[in-house]
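Engineer: fold the stuff below for me.
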Amino acid sequence: MSEQGTTLEGASPVREEDAFDLDAVRRWLAEQGTELGEEVEVQQFGGGASNLTYSLRDGRHDLILRRPPAGQKAKGAHDMTREHRVQEGLAGVFPLVPRMIALCTDESVIGADFYVMERVDGVIPRRDFPPGLDLDEAQVRQLCTNALDVLVELHAVDVDQTPLAAMNKGDGYVERQVSGWSRRFRDARTEDVGDYEEVMGWLEEHRPADVGHCLIHNDFRFDNLVLDRDDPTKVVGVLDWEMATVGDPLMDLGGTLGYWVQADDDDFFLQFRRQPTTAPGMLTRQEVVDYYLERTGRTVTADEWRFYEVFGLFRLGVIAQQIYYRYFHGQTTNEVYAGFGPAARYLEQRCRAIIAAG
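Structural biologist: Numbering: from 1, shown residues only. Next comes the predicted model:
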């Protein structure tokens with residue numbers, strides 16, 4: 001456990017607009033059987049741009065609180081009950097999920113649903129590896145393949161043997177994703193971005209049948225992984241299960257590679273990087289696909305993969321636009337969110353370039 005009074009990596013004082021009633025949370029936690037001490041240090045993590053994440057430490061407890069942001073929310077997004085249920089349901093079959101403490105659906109406590117879990121101690125790689133974490137090329141490659149092995153292991157979970165079996169809606173996952181994310185973009189579009197109509201039309205025309213149904217994370221990135229402090233090539237935790245569901249594994253891989261910026265990408269995409277995927281030793285996007293296919297025994301042609309690549313970037317563009325929508329309409333004053341508008345415009349052009357190259 002980190003000592004109280006120290007700043008956790010990636011954390012800072014709580015932004016005024018994101019503050020909550022600590023005493024109300026303290027009383028509610030006591031009712032759930034967790035008694036916080038008199039002095040509780042609260043910090044806010046700034047790495048994510050969707051749900052809000054806080055650290056609660058009192059010397060005996062090292063906890064994380066997750067809650068949705070203020071402002072308009074896309075239908076189905078920021079569902080704390082669902083995010084909590086997924087992690088609780090995986091506890092017996094996928095040991096890398098954090099341990100859940102309790103879920104609160106009484107909005108009178110802090111004005112929104114939230115849940116509390118134990119913090120997984122370790123190193124979270126963000127845009128770059130933290131100072132002092134010096135990995136050579138072989139170690140970076142080992143970390144990369146170890147992380148992909150975790151994704152493979154997740155996809156191999158027998159969902160029917162978990163409480164999450166009901167999340168499987170059957171065939172049509174790819175179709176539902178294309179139509180659903182297209183609707184989300186149209187709902188969140190602002191006047192200063194493109195319309196993505198060419199991209200959405202191409203995805204609808206070229207969508208394949210589902211290749212399978214398994215537990216997918218839907219936001220599997222290095223900055224959602226916790227690495228062992230003693231052996232940082234080893235993954236000891238997987239975080240941020242907000243979008244997890246039962247669906248097509250190749251859609252999950254495509255979503256992962258939407259964030260995978262490599263060393264030879266253009267300047268804007270390099271600036272967009274949120275994880276250390278340009279470090280010497282990291283696999284390229286094509287090497288990631290090849291490794292995953294080899295580990296799972298699947299076969300996908302380059303033409304077939306193009307759909308998943310475009311969808312991953314399109315979905316990322318929609319997420320960026322949903323975040324930018326809140327800034328554009330004054331629902332947040334966080335200036336970091338201003339950059340998501342240019343990102344959404346760029347990702348549309350990137351999708352169109354990949355489509356044209358085919």
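Engineer: where does the residue nearest to the spatial centre of the chain land in three-state SS?
Structural biologist: By Cα atoms, centre = their mean, the chain has its centre lying nearest to Asp219, at 3.4 Å. Secondary structure assignment for Asp219 (DSSP: H, G, I helix; E, B strand; the rest coil): coil.
Engineer: next, the contact list for it, please.
Structural biologist: Counting by Cβ atoms under 8 Å, 6 or more residues apart in numbering, Asp219 touches Asp240, Trp241, Glu242, Met243, Ala244, Gly255. Every residue, glycine included, has its C-beta placed from N, CA and C.
Engineer: what's the most distant pair in those residues?
Structural biologist: Across the contacts of Asp219, the longest distance by Cβ to Cβ is 13.5 Å; it joins Trp241 and Gly255.
Engineer: distance of Leu293 from Leu257?
Structural biologist: According to Cβ to Cβ, to the nearest Å, Leu293 and Leu257 sit 13 Å apart.
Engineer: which of the two has more neighbours?
Structural biologist: For Leu293 and Leu257, the more surrounded residue by other Cβ atoms under 10 Å is Leu257, and the numbers stand at 23 against 15.
Engineer: I'd say the more buried one and Glu287 touch.
Structural biologist: No. Under the criterion of Cβ atoms under 8 Å, Leu257 makes no contact with Glu287, lying 10.8 Å away.
Engineer: quick one: buried residues of the helix or strand hosting Glu198?
Structural biologist: Here Glu198 is covered by helix 197-206, with elements defined by DSSP states H and E. Neighbour-count burial for helix 197-206 flags Val199, Met200, Trp202, Leu203, His206 (criterion: 16 or more other Cβ atoms under 10 Å).
Engineer: what about that helix, distance to the chain center?
Structural biologist: Between the centre of helix 197-206 and the centre of its chain there are 24 Å (Cα atoms, centre = their mean, to the nearest Å).
Engineer: mind giving me the packing neighbours of it?
Structural biologist: helix 173-188, helix 302-328, helix 340-357 (3 or more Cβ pairs under 8 Å, 6 or more residues apart in numbering; DSSP states H and E).
Engineer: so which of those is the most surrounded?
Structural biologist: helix 302-328 (a mean of 22; mean count of other Cβ atoms under 10 Å).
Engineer: ok, and the closest non-adjacent residue to Leu56?
Structural biologist: Once flanking residues are discounted, Leu56 sits nearest to Leu63: 4.3 Å by Cβ to Cβ, 6 or more residues apart in numbering.
Engineer: where in this protein is pLDDT low?
Structural biologist: Low-confidence segments of the chain (pLDDT under 70): 1-7, 47-49, 71-78.
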